[in-house]
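Chemist: Provided below for reference: sequence and predicted model.
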Amino acid sequence: MEYDFQAIEERWKAQWKTDNAYRVEEDPNRPKYYVLDMFPYPSGAGLHVGHPLGYIASDVFARYKRHQGFNVLHPMGYDSFGLPAEQYAIQTGQHPAITTETNIKRYREQLEQMGFCYDWTREVRTSDPKYYRWTQWIFSQLFESWYDVQADKARPIRQLIEALDSNGLDGVHLASDSKWWENLAPKIRAPWGDDFGGQLSADQWRNCSDSTKSQILMEFRLAYLADSEVNWCPALGTVLANDEVKDGLSERGGHPVHRKRMRQWIMRISAYAKRLLDDLDGLDWTDSIKEAQRNWIGQSQGAEVRFNVAETNHQLAVFTTRPDTLYGVSFMVLAPEHPLVPEITIPGHKDTVEQYQQAASLKSERERQGAGDQTVTGCATGASAIHPLTGKKIPIWIADYVLAGYGTGAIMAVPAGDERDWKFAKTFDLQIPGIFEGKDTNTAVFTEKSAILCNSESLNGLTGSEGIPAAIEMLETKGVGSKQINYRLRDAVFSRQRYWGEPFPICYENEIPRLIESTQVTLPEVDAYLPTEEGEPPLARARKEDWNVFEGDRMEFNTMPGWAGSSWYFLRYMDPLNEEVFCSREKSDYWGPVDLYIGGAEHTTGHLLYSRFWTKFLFDIESIGFHEPFKQMINQGMILGRSSFVYRVLGTNQFVTAERRKEFKTQRLHVDISFVEGDTLDTEAFRNWREEYSDAEFILGKDGTYTCGFEVEKMSKSKFNVQTPDELVERYGADTLRCYEMFLGPLTQHKPWDTQGISGVHNFLRKTYRLFAQSDDGSPSDTSLRILHKTIKKVTDDLNRHAFNTVISALMIGVNELLDSKGHQRNILQPLAILLSPVAPHLAEELWQMSEGKGSVMDATWPESDEKWLIADRITYPVSFNGKVRFQLDLDATMEAKDVEKAALQHEKTTAQIEGKTIRKVIVVPGRIINIVVG
RNA sequence: GCGGGUGUGGUGAAAUUGGUAGACACGCUGGAUUUAGGAUCCAGUGCCGCGAGGCGUGUGGGUUCGAGUCCCUCCACCCGCACCA
C-alpha cells in the first residue's frame, strides 16, 4: 500500500469542513491561546513559497496548543484596502473592489490547500463596510478624546470642555503642540494679549464663539486636523507617513517625496511616546525590533533653556542634552523654517537670510538628509541672543543642519563639545570657548561626558555626567530653563489623497469639521480614481447624491491610511460579526491579548507601533482590558529564491555549460527554474521557452549535460526563480510542503529555497505511512518504547522553543528507528500520530484512523514522555586524553564516578595512551565524559 | 557613524546548561534489486594522509581538565537608523 497523499488530503479536508473542525467559541472552562498571523495584503500575484512559512509555523503551533487542551483562536483575514488595487483601477477603470475580491479568492484557495486550521467564520476584510464601520468608530473616539498628561491617559473631550467652562486650562496638563495657540488664526488669539502663554482662562474660553471653541479643541484632540509639513509623493498623488518613506523615496514604487504644507488629519501618537517606550520592556519580542522602536521613539533627556533675543521681547527656547556645557555656548542656530527668523533678522541680513531659506526649502528631503552630503552651510541673521548665565551677546545663525521638526527647532551651539557645532564654528570662524580641563578644543572637538569642566563657574571641577543635574538645578533656580524629556516620535499623518481606503465619518460646515454619527459613511462611487483637476482627492469627484450620507457643506475628501484598518484587526477576530460594538468586552477579556504573533520583520516602526498605540487608547477608554496587543512575536526570515543561469557566448547563440564558461567571454542570463532539475538544464524546454532561443546551441560538459550556474537572491518574477506552493502541493502534497518548509532551518533565519531537498521530507512521510500500514495490537518492545518516549520529549521541547526544524528531524529519527525496531504496535503508533499531527495534519488524521484512534486526531491529548523510558541502563563514555577523544567505553549507567574512573584507567587503550607520561588528573562527569589529563 | 543580526562540510543545517562537532536531510560515490521510477535497500562521504596520525566551527588571543558555546581583538556579510541638539 502506498502513501496516496492526494486522496488522503482531499478526504480529510472535506471531512473537516463537514465537521466544522476549526470552529472555535469562547469557553470559560478552558484556557485560551491566541495565535495570530500578520495580516496579508491580497496581491494579484498570489502566494509564493516564502509567504506560507510563517503561516505554517503558526498553524503548527496552534494545533500543538489545541492538543494541549487550549481553546485556540487562529484566524485569518485580509488587509484589503491599499494602493495596488487602486493603481490597477486607475489603469483599467476596474473598480478596486472587484480586483480585491478576485485576489482574495485566490489567496483563500491557496491557504485552504495548505491545510491551515483557520476558523474561516471569523474572516475579516478591512474594505468591508461592516469592518471599516468600526475603524471609523475608533477614529471618532480618537477625535472625541484628549490626552490628560497628569492622569497619563486619554479622556473624553467632553470632560475637557467641562474643565474649560469652569476653570479654563488652569490645572489641566494636556498633550498638544508646546505653543498650540500659535497654530490659531491671529484674530482668535488677539483678545488674549501678546504675552499669552497658553493658560487659557475660563472667561477667555467662554467668550469664544462656537467656531473658535471648535478650533481651540482641535489643538487638543487625539485625532486632529492641522496644517503641517507632510511627505508629499506627486507620483502616487498622496502623502505618506514617515515610515513609508525610505531615503527620501516612497517605500512603494520608489518615487521622489517632497515636503509640503497641507491640512491633514493627524494622530497624536506623540502623547503615547513614553508609554510606548516603557512598555517595550515587558514584551517578548526580538531585541532588534524593540531597539528599532526605541530609536524611532527616540527619547532624550536634557533641559530646555531660554535665551532672550537682544534688543527685542523675543525669547528662543532650545533643547539640549548637555546642559553641563552651557558655558561653552558661543552662538545659536535656528532651523531655516523657524517662525522667529523673519522677526529677528536685522535689516542688513534680510536678503541673504531669505535666499538661504529659499534654497533650503527647495532641497528635497533626500538632499537635505542625503548621506555623505555633510557640507556645512549657514547664514547669520545679524541678531544676537543674551547668554542666560553670563549675559554675553552671542550671534544667531540659521542653518539646515538644525531640523524644524525636532525639539524647538533651535539649538544652543557648544562647539567645544559637539561635532556639528564645532564644524560650523570652524567653517564660519566662530569662537570655540574651551570648557574642558586639559583639552584643546580649538584643534579637536571633545564629545565625551568624562572630561572635567572648567571656565564654567559653579560647574568647574565636575565631570560632564555630574554637571548635567547640577546645571539643570541651576537653570531652574535662575528661572531660565528646566529639566525636559524630548521625543523624536512625531504625530502620524492620517489622511491619504486616495480612493481605496476608509472614508472619514466627517463633514465640513464653514470649513469646520464635524463628526457624522447618524449613519455609517460608506465609500461613494466615482467616475475615475484620479484626483480632480483642482488637485482634490478622488472622493471630491463624488456628487452629493453619490454619498450614502451627506451632511454639512461638503464631506471629507481624504481617506484613511493603510494602517488604520490593520491597527486593530486582531480585536475584530475575537468578535467578527458583532454589529453593536467593534468587539464586546466580554470576548476581548477572554481572548485578548494575542499570545503569539508570527510575521515578517518589515513592520517594525509602522504597523507594530500603531497597533500598540491604538491598543493603549482603547484600553484608556476602557473598551478593552489590556494595553499591549502582542505578548510574544516571532519574525520569520525570508525565503530566498535560487536563481539559475545560462551563459551565452558573446555575440553568438551558443550557450556554454557552467563548468566551461571561463573558456569563453559570456553573458549570464536568468533562466526559468522550471527548466532546471538539480542544476541540469532541460535544453529542449529552454529552446521552446522563447523564440530567440529556438535555435540555441549548447556547449555541454563531459557528462553530456548542460549545467546551470546559480545564485541565491530575492524571489521575483523578473528573475524567473519564483516557486509557488501550488505546484509543490500537487506533486508532493500539502503535508510534505508544510514539513519541508519547517525542516529548512530555523524559522527566524533567511534561507534559500531549494526544491531538491523536498524529496527527503516526502520520503519521511512515505516511510511513516509504511510503518503505520503494519499497525497491530501487540505489545511493543522496550526499545520501541524508549524510541517513542525520547521522540515525545524531543518534539515537545522543540515545539515549546519554536524550533520547528528539529521537530521534523526528531520525527524522522523516531520513524527510522521504529522501522528498525519493528515498533508498529498501536500504543506506539497512536501517540506518534499525535506528534505528527501539527506538522502533517492530513496524514496524521489518516494514520490515527489506521491505528484505530477515536475521533479526530486534532482533539487527541498530547502524549507525555515517561521518565522511566528516558533513562538508559548503559552509557557509552567517550574517553579523552587532554580533551581529545580516543576511544569509547560502554559502562553500566548506575556506576559511580569512582568506579568509572577505575574502569577507564584499567582499559588497555588507556595504558597505550599514557605510555611514558604521568597522569595528572582524571575528570569524570557521570553520564557524560571521562577526561584524563596526562603530561 | 550608531544599533541589531549572522559566519560550522559540496548544500540546508544540528549540537537546548561549557562535555564525543557535523545529528537529520539534500547532493555525491560504490553496490544490491527491479519490465528505468523522481522507487526501495546496503555501504561510504568534514579536510589532509596509503597509514599511524594530524588539522578542523570567519581571524588572532584568553579563561578552563575540556570552548562552536564564556571573555577580549579584528574581519566579512546582511538588516535597521542616521545632521535628533
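Modeler: It's in.
Chemist: tally of neighbours for A:Ser775?
Modeler: Look at A:Ser775: counted by other Cβ atoms under 10 Å, it has 18 neighbours. Every C-beta, even on glycine, is put in place using the N, C-alpha and C of the backbone.
Chemist: list the contacts of it.
Modeler: Counting by Cβ atoms under 8 Å, 6 or more residues apart in numbering, A:Ser775 touches A:His824, A:Gln825, A:Arg826, A:Leu829, A:Met850, A:Ser851, A:Glu852.
Chemist: let me see the backbone angles for A:Gln301.
Modeler: phi -100, psi 140 (degrees, to the nearest 10).
Chemist: contact partners for it?
Modeler: Taking Cβ under 8 Å, 6+ apart, we find A:Gln301 in contact with A:Thr321, A:Lys483, A:Gln484, A:Ile485, A:Asn486.
Chemist: give me the nearest residue to the third one, chain neighbours excluded.
Modeler: Excluding its sequence neighbours, the residue lying closest to A:Gln484 (Cβ to Cβ, 6 or more residues apart in numbering) is A:Glu304, at 4.5 Å.
Chemist: which SS state does that neighbour fall under?
Modeler: Assigned with DSSP: H, G, I helix; E, B strand; the rest coil, A:Glu304 falls in the strand class.
Chemist: re earlier: go through the contacts of A:Ser775 and name the one nearest RNA strand B.
Modeler: Nearest to RNA strand B among those is A:His824, at 14.3 Å by Cβ to the nearest atom of the strand.
Chemist: look up how far A:Glu337 lies from the nearest residue to that closest one once chain neighbours are set aside.
Modeler: Nearest residue to A:His824, sequence neighbours excluded (Cβ to Cβ, 6+ apart): A:Gln774, at 4.1 Å. The gap separating A:Gln774 from A:Glu337 is 79 Å, by Cβ to Cβ, to the nearest Å.
Chemist: check A:Pro538 too.
Modeler: 31 Å.
Chemist: which one of these two has more residues nearby?
Modeler: Shown here are A:Pro538 and A:Glu337; by other Cβ under 10 Å, A:Pro538 has more neighbours (25 against 19).
Chemist: and chain A, what are its domains?
Modeler: If you go by automatic domain parsing, the domain ranges for chain A are A:146-277+A:492-555, A:300-486, A:641-713, A:728-869, A:874-934.
Chemist: looking at those domains, which is buried most?
Modeler: Highest mean neighbour count among these (mean count of other Cβ atoms under 10 Å): domain A:728-869, with a mean of 20.
Chemist: how long is it end to end?
Modeler: One end of domain A:728-869 sits 39 Å from the other (Cα to Cα, to the nearest Å).
Chemist: anything in that domain near RNA strand B?
Modeler: Yes. Domain A:728-869 reaches RNA strand B (Cβ under 7 Å from any atom of the strand) through A:731, A:743-746, A:749-752, A:754-757, A:759-761, A:763-764, A:766-767, A:794, A:797-798, A:801, A:803, A:805-806, A:808-809, A:812-813, A:816.
Chemist: residue in the stretch 251-400 of chain A nearest to RNA strand B?
Modeler: For the stretch 251-400 of chain A, Cβ to the nearest atom of the strand, closest residue to RNA strand B: A:Ser288, 2.6 Å.
Chemist: check which helix or strand that residue maps to.
Modeler: Counting by DSSP states H and E, the element that carries A:Ser288 is helix A:287-297.
Chemist: in that helix, which residues are buried?
Modeler: For helix A:287-297, the neighbour count (16 or more other Cβ atoms under 10 Å) marks A:Ile289, A:Lys290, A:Ala292, A:Gln293, A:Trp296, A:Ile297 as buried.
Chemist: returning to that earlier point: export the domains of chain A to CSV and tack on distance to A:Glu26 and mean pLDDT?
Modeler: Listed next are those as CSV, based on distance: least, Cβ to Cβ, whole Å; pLDDT from 0 to 100:
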stretch, distance to A:Glu26, mean pLDDT
domain A:146-277+A:492-555, 27, 91
domain A:300-486, 42, 89
domain A:641-713, 42, 83
domain A:728-869, 18, 93
domain A:874-934, 47, 83
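Chemist: A:Phe39: which of those is closest?
Modeler: Shortest distance between A:Phe39 and these, using Cβ to Cβ, is found for domain A:146-277+A:492-555: 14.9 Å.
Chemist: hmm, that closest one in reach of RNA strand B?
Modeler: Yes. Under the criterion of Cβ under 7 Å from any atom of the strand, RNA strand B is reached by domain A:146-277+A:492-555 at A:Asp243, A:Lys246.
Chemist: again, but for stretch A:591-605
Modeler: Yes. Contact between stretch A:591-605 and RNA strand B, assessed by Cβ under 7 Å from any atom of the strand, occurs at A:Ala601, A:Thr604, A:Thr605.
Chemist: let's have these in a markdown table, adding pLDDT, secondary structure and neighbour count.
Modeler: Below are those laid out as a markdown table (pLDDT from 0 to 100; DSSP: H, G, I helix; E, B strand; the rest coil; neighbours: other Cβ atoms under 10 Å):
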| residue | pLDDT | secondary structure | neighbour count |
| --- | --- | --- | --- |
| A:Ala601 | 87 | coil | 17 |
| A:Thr604 | 84 | coil | 21 |
| A:Thr605 | 86 | coil | 18 |
